[in-house]
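[1] requesting a structural model of the entry that follows:
(one chain, ligands or ions: 2)
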Amino acid sequence: MSRVLPAEGDLRRVIGDGETLADGEVEGLGEDDLLALYRDLVLLRTYDERSVVYHRQGRIGTYAIFWNHEAMQVGSAFALEERDWIFPSYRESAIGLLRGIPASTILQWWRGHPSGWWNPRDHNVASICVPIGTHVPHAVGFAWGARLKGEDAVAIAYFGDGATSEGSFHEGLTFAGVMKAPVVLFCNNNQWAISTPVTEQTAAPALVDKAAGYGMPGVRVDGGDVLAVYEATREAVARARAGDGPTFIEAVTYRAAPHATADDPSIYIDPARVEEEKENECVGRFERYLVRQGVLIPSQVEETRNEALETMRSGIAAAEAEAPADVDLVFEHAYASPPPSQAVDLADLRRVLGG
Ligand SMILES: Cc1ncc(C[n+]2csc(CCOP(=O)(O)OP(=O)(O)O)c2C)c(N)n1
Ligand SMILES: [Mg+2]
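    Ligands and ions are numbered 1, 2, ... in the order given. Presented below is the predicted three-dimensional model:
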């Protein structure tokens, strides 16, 4: 039996604090798995930190930071099989790295270059969704379709606390519950939708309470605990694969960075609370756990970080080595009959860009 220990209220957790809270463990996870989880966490953390730097250097566009969201992404993705499909939001833009999508491809997405789009079937990762919640019905429909075709693939949709107020969330979960679609509905509750706090987002005491209204089980987990997230998702995936339908997972965390590089949270967030969250950020929390378990030695920390940095160095170099996209592509599929002014505007744009 694995040991999943209760944390604050009804939040599931496995990782302790090295002092008063005892460490648990997850049945079936060996040392190699724990180190693989660690490498994935460091890869995503490094991707995120380098992306903020690349943005400041003008090498990528506006970027949605996911610092301290890595445990939710890595823990849940680790519970999937390769045949399972991932439907990410912009907050999970780099989750495809865990499925072998090159860093250069995802960086090109943030550079607005056409090579930043991949064929979803190549990696079983759908396009990054920017409209809030519209990919929830896509994931549900995909999962239901897979079952109708006799396949046993499961889908997972990632979305935020703010998305739970959207019509598409309601439509998706209603459908998932009624059709018993094999889907995991993974809510990253970082407690902010840009500047709207979750307390103003809903009058429900907890987002997980919404699951009952759609007739599906709901699980509330510590989103900073990669092992608790893994275990909760593994159970949800098993339920879906067995034909028992969807699960709603609320992973609770706190947004410890701006919403995106274009945001200035200092005007709406309490900086002391952010600092407190940073102290307990998810990668360091798992690193300390692995050291306590005797699984990780200090030289591996440095090595893992260097590997990830090298992935990013070669990723940005490959992205920047590609020829710039033709500006005509921006409007290519926008009009059946382009307005006469478009040719003039495009000529102007080409002149400005020196193309
Ligand atoms: C349909 C739609 N409405 C509004 C927006 C503008 N918008 C971008 S991010 C965001 C907040 C989303 O918050 P949440 O769902 O909690 O996700 P988080 O950014 O915290 O991961 C909003 C309203 C949008 N992208 N799509
Ligand atoms: Mg949010």
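
[2] so what's A236 up against?
    By C-beta atoms under 8 Å, 6 or more residues apart in numbering, A236 lies in contact with A79, V184, V219, T247, I249. From N, CA and C alone the C-beta is placed, and that goes for glycine too.

[3] same thing with D161?
    Remark: with contacts taken as C-beta under 8 Å, 6+ apart, D161 is in contact with C187, N188, N189, N190, Q191, W192, A193, V198, Q201, L207.

[4] for it, which non-adjacent residue is closest in space?
    Of all residues beyond its chain neighbours, the one nearest D161 is N189 (4.4 Å), with distances taken as C-beta to C-beta, 6 or more residues apart in numbering.

[5] ok, back up a step: just the closest of the contacts of A236 to ligand 2, please.
    Of all the contacts of A236, I249 has the smallest distance to ligand 2: 14.6 Å, by C-beta to the ion.

[6] the closest one: what secondary structure?
    strand (DSSP: H, G, I helix; E, B strand; the rest coil).

[7] pLDDT wise, what is it at?
    If you check I249, the pLDDT there is 98.

[8] list the beta-bridge partners for it.
    As for beta bridges, I249 partners with F186, V219 under DSSP bridges.

[9] verify the stated contact: it with V184.
    Yes: at 6.5 Å, I249 and V184 qualify as touching, with contact defined as C-beta atoms under 8 Å.

[10] mind listing the shared neighbours of these two?
    For the pair I249 and V184, residues contacting each of them under the criterion C-beta under 8 Å, 6+ apart are S76, T233, A236.

[11] so which of the residues you listed comes closest to ligand 1?
    Closest to ligand 1 out of those is S76 (14.4 Å), distances taken as C-beta to the nearest ligand atom.

[12] the closest one: what's it in contact with?
    Taking C-beta under 8 Å, 6+ apart as the contact definition, S76 lies against I156, Y158, V184, F186, V229, Y230, T233, I249, A251.

[13] for the residues you listed, which two are the farthest from each other?
    Among these, the pair separated by the greatest distance (C-beta to C-beta) is Y158 and Y230, at 14.8 Å.

[14] quick one: which of the two has more around it?
    For Y158 against Y230, the residue with the higher neighbour count under other C-beta atoms under 10 Å is Y158, and the figures read 29 against 23.
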